[in-house]
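# I would like the atomic coordinates for the input below:
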Amino acid sequence: MESMAMMAAPQPAVPAPGREIILGTRGLTKRYGRRLAVDQLGLEVFRGDVFGLLGPNGSGKTTTLRMLLGLVWPTAGTMSLFGRDMSAPLERRAALKRVGAIAEQPAFYPYLSGRENLLGVATFSGWPDTAATRARVDVVLEQVGLATRAKDAYKKYSLGMKQRLGIAAALLTNPELIILDEPTNGLDPAGMVEVRALIGQLARGGATVLLSSHLLHEVQQVCTRVAILKEGRLLAQGAVADLLSSSSGILLAFADPEQLPKAAGIVLEAAGSGTGWIRGAQYVLPEPGAWTPPGGWLLRVDAPPERAAEVNALLGGHGIYAAEVRRFEGNLEQYFLALTGQAGPPAAYGQQGQAPMAQGYGQPMMAPHAAQSAQAARPTTGGQQ
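Numbers count the residues shown, from 1 in each chain. Predicted structure coming up:
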């Protein structure tokens, strides 16, 4: 087992103006024999973030969290927490006192009540059995919405309630940083909603939350910043809005199929004339459950969604009117698939027939491979690629 004392002192990262980095890693690496679980990972978590560590199972998320909590020694690299060098035992101990965490699935005594379980956690943590300790337990039970079920046996709790009790245990010390490993894993939709609402509540209360998950679409709803991992390597890191900005746009559908290629030609001509904000267009198929126009295809304009009215006016000036105009917002799941080269044309392509030709252009406007646009505009910070 490698000693953390042998690691070089961490080099401080440079935060964005007005943002304090409370957790940072540089070149963080962990090997298990020949298997490289985490590879040269660079993270930056700012105070006030709800930061998602995202990726499929086996991508190194749990190993990373265990290293941050001092449960596993890194093979190489550096870590800092609240500006303290995590390779120094005294510094690490002082920093971790400001952290609350759930590492993997929380475990409690099934026949004890929620309150009794939390009192047991407090006892194991060295807290005296005083009125102040009991009052703190009641506070966190109220905070996670379990006050009315505090006397019920743990075995009677739903999966969502069990996860909330685990989060309550992490909140006992009123931590500045809360680390949650797969907090919605195994939950039904109702349980996911419960935990997601609780995470939002914690963030609004001023806490910084670092969570891991393989459910990218779920995490997108609560995270402000994310890091996406695959096979232990950092693929992208940044604000969710920034990462998805390259995949947003405007969708247009036409009741008259003949207007589709004409509209495409007008949009492409505008893009080529140097408008600056219209970057291009492509044919796409409707999402499952959405209205399918005659001909089966929609026009996706690569432009800021807030300028949809201007695109509509551009087409109207040429006598072409869309039956439907709406914003298209990308999501983390699509972004991840594009980033890793796993997003090819949907199977539905070809079921609708050949895409039409853009007016004045010699080739059909088939959607390009999504990975090309993702690779061209993926903001990253603090990591090595």
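# which strands or helices does the helix or strand where residue 198 lies pack on?
In this structure, residue 198 sits in helix 189-204 according to DSSP states H and E. Packing contacts for helix 189-204, counted by 3 or more C-beta pairs under 8 Å, 6 or more residues apart in numbering; DSSP states H and E, involve strand 50-54, helix 159-171, strand 208-213. Just so you know, the C-beta spots here come from the backbone N, C-alpha and C atoms, and that holds for glycine as well.
# in space, what's closest to residue 194 - neighbours in sequence excluded?
Spatial nearest neighbour of residue 194, excluding adjacent residues (C-beta to C-beta, 6 or more residues apart in numbering): residue 160 at 4.1 Å.
# what about that neighbour, how many neighbours?
Other residues within reach of residue 160, judged by other C-beta atoms under 10 Å, total 20.
# repeat that for residue 64.
29.
# equivalent analysis for the one 3 residues further on, please.
By the measure other C-beta under 10 Å, the count of residues near residue 67 is 25.
# doesn't it lie inside a strand?
No: Residue 67: not assigned to a strand; according to DSSP: H, G, I helix; E, B strand; the rest coil it is helix.
# could you find the closest non-adjacent residue to it?
Residue 67 sits nearest to residue 74 (C-beta to C-beta, 6+ apart), 5.2 Å away.
# three-state assignment of that neighbour?
coil.
# roughly how far apart are the residue nearest to residue 239 when sequence neighbours are not counted and residue 304?
Of all residues not flanking residue 239 in the chain, residue 225 sits nearest, at 5.2 Å (C-beta to C-beta, 6+ apart). The gap separating residue 225 from residue 304 is 21 Å, by C-beta to C-beta, to the nearest Å.
# in stretch 224-235, what counts as buried?
Neighbour-count burial for stretch 224-235 flags 225, 226, 227, 228, 229, 230, 232, 233, 234, 235 (criterion: 16 or more other C-beta atoms under 10 Å).
# re earlier: who does the residue nearest to residue 239 bridge with?
residue 51, residue 239 (DSSP bridges).
# equivalent analysis for the one 5 residues further on, please.
Beta bridges link residue 230 to residue 233 when assigned by DSSP bridges.
# quick check: it touching residue 57?
No: here residue 230 does not reach residue 57: they are 11.1 Å apart, not a contact under C-beta atoms under 8 Å.
# please report phi then psi for the residue located most distally from the centre of the chain.
Distance from the C-alpha centroid of the chain peaks at residue 319, with 42.3 Å (C-alpha atoms, centre = their mean). Dihedral angles of residue 319 (phi, psi; degrees, to the nearest 10) stand at phi 80, psi 20.
# quick check: it vs residue 122, distance?
Residue 319 is 73 Å from residue 122, by C-beta to C-beta.
# one more: residue 264?
Taken as C-beta to C-beta, the span from residue 264 to residue 122 is 65 Å.
# those two: who's more crowded?
Neighbours around residue 264 and residue 122, counted as other C-beta under 10 Å, are more numerous at residue 264. The numbers are 27 against 20.
# quick one: low-confidence parts of the stretch 251-385 of the chain?
The model of the stretch 251-385 of the chain has pLDDT under 70 over residues 341-385.
# how does it look with 90?
257-258, 268-298, 300, 302-307, 326-385 (pLDDT under 90).
# which parts of it are helices?
Counting by DSSP state H, counting those that start in this stretch, the segments of the stretch 251-385 of the chain that form helices are 259-272, 308-316, 332-339, 370-376.
# to residue 99, which of those lies closest?
Shortest distance between residue 99 and these, using C-beta to C-beta, is found for helix 332-339: 25.5 Å.
# tell me what angle the closest one forms with strand 50-54.
50 degrees (axes from the mean of the first three to the mean of the last three C-alpha atoms, to 10 degrees).
# re the thing from before, what sits against the residue nearest to residue 239?
Residues near residue 225 by C-beta atoms under 8 Å, 6 or more residues apart in numbering: 45, 46, 49, 50, 51, 52, 237, 238, 239, 240.
# isn't the last one right up against residue 221?
No: the pair residue 240 and residue 221 fails to qualify as a contact (C-beta under 8 Å) at a distance of 9.7 Å.
# who has more neighbours out of these two?
residue 240 (20 against 14).
# next SSE downstream of the lengthiest strand in the chain?
When the chain is parsed with DSSP state E, its longest strand is strand 21-32. Next along the chain after strand 21-32, taking DSSP H and E as the criterion, comes strand 35-41.
# starting at the chain centroid, how far to the helix or strand following that following strand?
For strand 35-41, the following helix or strand on the C-terminal side (DSSP H and E) is strand 44-46. Its chain's average C-alpha position is 14 Å from that of strand 44-46, according to C-alpha atoms, centre = their mean, to the nearest Å.
# neighbouring strands for strand 44-46, and are they parallel or not?
strand 21-32 (antiparallel).
# which residues does the partner strand contact?
Residues contacting strand 21-32 (C-beta under 8 Å, 6+ apart): 10-13, 15, 36-47, 60, 63-64, 67-68, 72, 74-83, 176-177, 208, 210, 232, 382, 384.
# mind giving me the PyMOL select for the residues you listed, buried ones only?
Buried residues among the contacts of strand 21-32 (16+ other C-beta under 10 Å), as a PyMOL selection:
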select buried, resi 10+13+15+36+37+38+39+40+41+42+43+44+45+46+47+60+63+64+67+68+72+74+75+76+77+78+79+80+81+82+176+177+208+210+232+382
